[in-house]
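Novice: make a model of this:
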Amino acid sequence: MLGIALSSLRHRGSAFMAAFVAMLLGAAVVSACGGLMETGIRLAIPPDRLAAASVVVTGDQSYEIPQAAPAAKSAGGEEDEEEEEEESEWVTLPERVRLDAGVADKIAAVPGVARAIGDVSFPAAVADGLRATGHGWGSAELTPYTVSSGTPPTRPGDVVLDAGLAAEASVGTGDQVRISAGGTTGTYRVSGLVTPPDDREVAEAPVFFLSADVQNLTGRGGKVDAVGVLAAAGVDAEELGERVRTALAGQGAVVLTGDERGRAEFLESAVSSESLITLAGVFGGLLIIVVIFVVASTLGLSVHQRQREMALLRAIGTTPGQVRRLVLGEAMVMAVFAAALGSVLGPYLGGWLFDRLAGAGMVPEKVVFHQGWIPALIAVSVSLVTSFAAALVAARRAALAKPTEALADAALEPVKIGWFRPVLAVICFAGGIALAMVTMLVMEGPQAAATAGPAVLLWAIALALLSPVITKGMVAVLSGPFRRISAPSGELAVTNARTRIVRVAAAVTPIMLATGVATANLYVQTTQVAAGERAFVESLRADAVVTSPSGGLAPGLLDRVRAVPGVTAASEFVTSTGFVESPYDAGTPEDGWQLRGATAEGAAQTMAMTVASGAITDLRGDTVALTAEHARRLSRKVGDTITMRLGDRSRVDLRIVALLSAGPGAETVVLPARLLAAHTTAGLPTQILVRTTPDADLDRLSEAIGGLGAQVSGRDALIAAHGEQEQTQAWVNYLLVGMIIVYTAISVVNTQVMTTTQRRREFGLQRLTGATPRQVMEMTGVEAALVAVIGIVLGTFASLVSLVPFSIAVSGTPVPSGPVWIYLAVVLIATLLTLGATWLPTWLAMRVRPAEAAVAAY
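Specialist: Model prediction:
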């Protein structure tokens with residue numbers, strides 16, 4: 001039967017084109033998502049400023065979240081230890097975990113090490129706000145930078161600038177330049193200029209200081225961000241890395257070699273890696289479901305349209321097994337070629353998607369996209385398994401039927417769905433209802449999107465499984481209006497739909513899927529963005545915010561701000577992430593608790609918080625304020641102590657001084673700003689929230705602090721900046737959702753073209769009996785409109801039963817947020833695709849002489 005299958009594919013390739021395209025594109029998009037995930041896992045970042053270091057050593061940014069209360073852990077036993085290890089969950093800490101400066105001396109003693117240089121980095125701003133990064137002069141050797149003009153710094157107050165940065169600032173050797181760093185602004189003498197090797201571009205231009213100045217600006221005595229290791233001549237970098245790793249075992253250090261070294265420079269890459277893996281996993285999973293669904297539907301329709309051929313094969317003595325092998329052979333030959341070609345296209349599509357994500361700031365631009373053989377293997381496997389299963393199901397009905405029944409079925413399409421489809425549909429309906437309940441009753445805030453997305457697919461699959469029955473009922477309901485649209489073409493269109501209900505249902509399915517997926521996912525994003533903006537505005541009590549281009553604010557700046565006329569309250573503001581270690585916190589969010597740092601005297605006036613008990617004015621020293629609900633879960637009250645692990649891995653004991661009221665999803669932990677800032681990468685507060693009188697002049701505030709390298713933004717600017725950030729994240733999701741929508745839209749076109757092209761003989765007979773080409777076009781137009789209406793209605797239903805619970809969870813209302821034109825655009829595009837994919841092949845069929853078309857088998 002394989003020979004017959006190959007002959008069938010060779011001579012009637014157009015009949016299989018739709019299924020081939022679905023398989024090819026399915027393999028390509030699955031491969032692309034696999035490439036994104038592999039890139040996140042590998043996290044290859046070639047070193048930039050640390051390129052000369054053979055090995056780079058940093059602090060360990062990973063943290064194991066406690067998974068059980070101490071009392072619940074067994075006192076001993078291998079089984080309990082293994083179970084605890086399996087339950088461990090690790091996260092990436094958001095702040096830089098620094099190393100003791102003495103680590104450099106230990107590394108220097110390792111055989112094969114020429115030099116070990118401690119590196120410290122901190123944000124700086126040169127001249128009129130030109131962004132740069134400050135380092136000690138010793139770090140210049142790690143690139144290596146070479147002095148192109150002047151000399152290295154020799155006394156306090158000397159700096160060496162990158163030559164390109166100096167040109168932008170219009171300064172040269174011997175000139176004075178203002179630099180903001182470490183919360184202060186000072187004037188420095190440019191002692192020299194440096195250039196990187198081969199004039200290559202470095203991500204952030206450096207400013208090199210004397211070690212004493214670095215200590216004064218950062219206050220990080222005895223700590224370094226990383227250690228760059230220069231290998232002795234002839235020493236292999238990987239071998240040296242192993243030696244260093246052995247020497248530092250158990251000291252909380254991570255040894256990086258090769259393209260891993262860039263992770264030490266781009267701290268955000270670790271968090272971006274997790275986001276990329278999660279994003280690729282979620283959308284890749286959804287895509288696999290959609291691909292399985294579309295390929296199965298398209299291949300099933302392709303086989304169904306050949307019922308007459310199958311009937312003839314059965315009538316001349318072909319056994320059911322032979323029919324099954326024929327269909328399987330055709331499908332698998334197609335799948336092999338489609339999967340192979342799709343896996344070749346996958347890396348190009350994945351690279352394009354990655355570039356868009358990097359451009360949106362989701363991952364550092366220095367991360368290298370990498371796609372090996374594993375994503376291709378997964379894509380090929382999904383394509384082959386899906387094609388095999390779909391072909392097996394599609395061939396079953398024709399293969400098991402008696403020859404006379406098969407011939408009858410070829411001319412008439414009774415609605416037979418068996419027992420398996422209803423059972424599976426009930427399971428999908430139950431899953432959709434369960435996800436809706438979880439979304440509405442359990443999920444809070446952005447987490448609700450994790451269940452809303454899969455829910456729409458479950459509803460769509462359930463409706464598709466029952467599509468022949470549902471379509472038959474909807475055709476009966478809509479037959480009256482559509483008959484009157486264009487008689488007699490409307491009458492004939494409705495009659496065709498009733499007699500070909502299985503094919504109509506197959507055409508409805510991709511339209512329903514495209515409409516449901518597009519509507520649900522687009523409105524999930526708009527609703528989430530609107531809820532985030534609304535929550536931000538409601539929580540924003542400050543009328544202005546003070547920031548610094550150098551990333552940190554001076555300790556005395558808060559008092560200067562408070563002294564400005566019109567300022568009623570001001571508070572330093574810091575954000576980070578942390579974990580409650582004691583007592584055991586079963587409600588810890590996946591990425592830890594959102595920590596906010598505030599100043600006791602101005603917190604209540606500048607931040608949206610309601611004190612239930614205690615006093616927020618006591619927020620000084622090692623203290624903390626929790627929500628009342630959080631404290632209840634921890635069995636703690638005002639005056640009790642908890643132990644927290646902060647973002648830089650530091651462990652602190654904190655006394656509870658206040659309990660706050662907070663709504664669902666709005667729980668946060670508030671610490672003194674100075675305490676929290678000391679455990680962040682910047683080391684200083686990054687903002688000051690300001691409350692003013694209604695008639696206050698923000699220009700006066702800007703003038704009062706202008707000489708300190710600080711900037712003032714009003715409330716409207718804050719809201720706009722937050723909205724832009726929300727839209728950027730939404731855009732990333734729009735991009736990946738768009739890929740799913742485009743794939744389903746292509747399946748709509750595929751299906752319509754396939755079903756219409758197969759009717760050339762019918763169109764020829766109609767024209768021989770007196771129908772004009774215009775009447776045939778009108779008839780197919782009414783049929784397409786009927787298919788579009790049914791698909792859009794079912795897709796809208798599938799999206800609504802997912803959107804309503806999500807909207808209730810996120811915004812407290814059953815009505816999703818977002819403009820109506822989004823839905824209207826989805827409906828219009830679905831309709832135009834259906835009409836266009838129907839009319840084009842019909843018009844092409846009209847160009848064939850009626851007599852020739854009437855005798856055509858296909």
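
Novice: what's stretch 535-548 in contact with?
Specialist: 125, 180, 183, 553, 557, 561, 573, 605-608, 666, 686-692, 696, 698, 701, 705, 709-715, 718-719, 722 (C-beta atoms under 8 Å, 6 or more residues apart in numbering). (Glycine included, C-beta is placed from N, CA and C.)

Novice: please check these and keep the buried ones.
Specialist: Buried members of the contacts of stretch 535-548, scored by 16 or more other C-beta atoms under 10 Å, are 125, 180, 183, 553, 557, 561, 573, 606-608, 666, 686-692, 696, 698, 701, 705, 709-710, 712-713, 715, 718, 722.

Novice: tell me what the longest strand belonging to the chain is packed against?
Specialist: When the chain is parsed with DSSP state E, its longest strand is strand 567-582. Packed against strand 567-582 by the contact rule (3 or more C-beta pairs under 8 Å, 6 or more residues apart in numbering; DSSP states H and E) you find helix 557-562, strand 593-598, helix 603-606, strand 641-645, helix 673-677, strand 687-692.

Novice: which parts of it are buried?
Specialist: Applying 16+ other C-beta under 10 Å to strand 567-582 flags 567, 569-574, 576-582 as buried.

Novice: in TSV, list the residues you listed along with pLDDT and distance to Glu590.
Specialist: Shown next, in TSV, are the buried residues of strand 567-582 (pLDDT from 0 to 100; distance: C-beta to C-beta, whole Å):
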residue	pLDDT	distance to Glu590
Val567	89	39
Ala569	91	34
Ala570	92	34
Ser571	92	29
Glu572	92	28
Phe573	91	24
Val574	91	22
Ser576	92	16
Thr577	92	11
Gly578	93	14
Phe579	93	11
Val580	93	14
Glu581	91	16
Ser582	89	20
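
Novice: any idea how far apart the tips of stretch 210-225 sit?
Specialist: 17 Å (C-alpha to C-alpha, to the nearest Å).

Novice: give me the buried stretch members for it, please.
Specialist: Leu210, Asp213, Val214, Leu217, Thr218, Arg220, Lys223, Val224, Asp225.

Novice: so which of the buried residues of strand 567-582 is the closest to Ser297?
Specialist: Distance to Ser297 across the buried residues of strand 567-582 (C-beta to C-beta) is lowest for Thr577, with 44.1 Å.

Novice: these two touch, right, the closest one and Gln594?
Specialist: Yes: if you go by C-beta atoms under 8 Å, Thr577 and Gln594 touch, sitting 6.6 Å apart.

Novice: between the buried residues of stretch 210-225, which is nearest Tyr523?
Specialist: Tyr523 lies nearest to Asp225 out of the buried residues of stretch 210-225, by C-beta to C-beta, at 43.7 Å.

Novice: list phi and psi for the closest one.
Specialist: The phi/psi pair for Asp225 (degrees, to the nearest 10) reads phi -80, psi -40.

Novice: all strands for the stretch 1-150 of the chain, in order.
Specialist: Using DSSP state E, counting those that start in this stretch, the strands of the stretch 1-150 of the chain run over 55-59, 62-65, 89-92, 99-100, 113-119, 122-126, 130-136, 146-150.

Novice: show me what the second one is packed against.
Specialist: Applying 3+ C-beta pairs under 8 Å, 6+ apart, we find strand 62-65 packed against strand 89-92.
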